[in-house]
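Chemist: I would like to see how this sequence folds:
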Amino acid sequence: KMPAYHSRLTSNECLANMAVLPLKTQVRGPAPCLPPSEEEDIIDEALYYFKANVFFRTYEIKSSADRVLIYLTLYITECLKKLQKCSTKNQAQNEMYSLAIARFDIPGDAGYPLNGVYQKPASNEEADAMRQYFLQLRHETGQRLVEKVFTSPDSKPSKWWTCFAKKRFMEKSLTGPGMV
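Modeler: Below you'll find the model as predicted:
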């Protein structure tokens, strides 16, 4: 049986039991900003491993960075559900912005699908920082995914990406039944 891919990244900084990893982004938040480079960040890893990892029903967490990878894998699925309905790259960018800022649950909230493997924030301050970190991850992931799914400004969404919109990584979803 083929094992799932795990993050190779490490961090000494955590929010609850989730790594805070540097990101190649202009989006402000708790994660330190890396300059654009060839060096992979966690979003690069999540996008690169997505098509392989999304098929796994179980996922063994080996590091605090894996929790970020899991969240991003689930979030990419939510993005693809929206992107498959977009007819232009501009519409896709607007949808990704709206999805990023839409209300979302964090560990400890009743609606968070993986409370069993994510620690609840220890304080209101940590909860606020985690929400900002998720927001930062959501914005940057959506922006990068649009570039992969819409290869040119006038193109339709790539079926090589949107075909994964119905997959349920770990049998979980960040949105409840009936929500899109």
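Chemist: quick one, helices of this structure?
Modeler: 42-53, 64-83, 89-101, 124-149, 159-162 (DSSP state H).
Chemist: residue 7: which of the ones you listed is closest?
Modeler: The closest of those to residue 7 is helix 64-83. By CB to CB, the value is 3.8 Å. (Each C-beta comes from the backbone N, C-alpha and C, glycine too.)
Chemist: angle of that closest one against helix 42-53?
Modeler: Relative orientation of helix 64-83 versus helix 42-53 (axes from the mean of the first three to the mean of the last three CA atoms, to 10 degrees): 70 degrees.
Chemist: quick check: which helices or strands does helix 64-83 pack against?
Modeler: If contacts are counted by 3 or more CB pairs under 8 Å, 6 or more residues apart in numbering; DSSP states H and E, helix 64-83 sits against strand 18-19, helix 42-53, helix 89-101, helix 124-149, helix 159-162.
Chemist: just put those in JSON lines and tack on mean neighbour count.
Modeler: Shown next, in JSON lines, are the helices and strands packed on helix 64-83 (neighbours: other CB atoms under 10 Å):
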{"stretch": "strand 18-19", "mean neighbour count": "23"}
{"stretch": "helix 42-53", "mean neighbour count": "19"}
{"stretch": "helix 89-101", "mean neighbour count": "17"}
{"stretch": "helix 124-149", "mean neighbour count": "19"}
{"stretch": "helix 159-162", "mean neighbour count": "14"}
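Chemist: which ones are touching residue 22?
Modeler: 11, 31-34, 41 (CB atoms under 8 Å, 6 or more residues apart in numbering).
Chemist: in the protein, which helix or strand is least confident?
Modeler: The helix or strand of the chain with the poorest confidence is helix 159-162; it has a mean of 93 (mean pLDDT, DSSP states H and E).
Chemist: out of the helices and strands packed on helix 64-83, which is closest to residue 76?
Modeler: helix 42-53 (5.3 Å).
Chemist: send me that closest one as CSV with only the CA atoms.
Modeler: Extracted in CSV, the C-alpha atoms of helix 42-53 (Å, rounded to 0.1, in the frame of the first residue of the first chain):
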residue,chain,number,x,y,z
ILE,A,42,3.8,24.5,2.9
ILE,A,43,1.4,25.8,0.2
ASP,A,44,3.7,24.5,-2.5
GLU,A,45,3.8,21.2,-0.8
ALA,A,46,0.1,21.0,-0.4
LEU,A,47,-0.5,21.8,-4.1
TYR,A,48,2.2,19.4,-5.3
TYR,A,49,1.0,16.5,-3.1
PHE,A,50,-2.8,17.3,-3.4
LYS,A,51,-3.6,14.9,-6.3
ALA,A,52,-1.9,12.0,-4.5
ASN,A,53,-3.0,12.7,-1.0
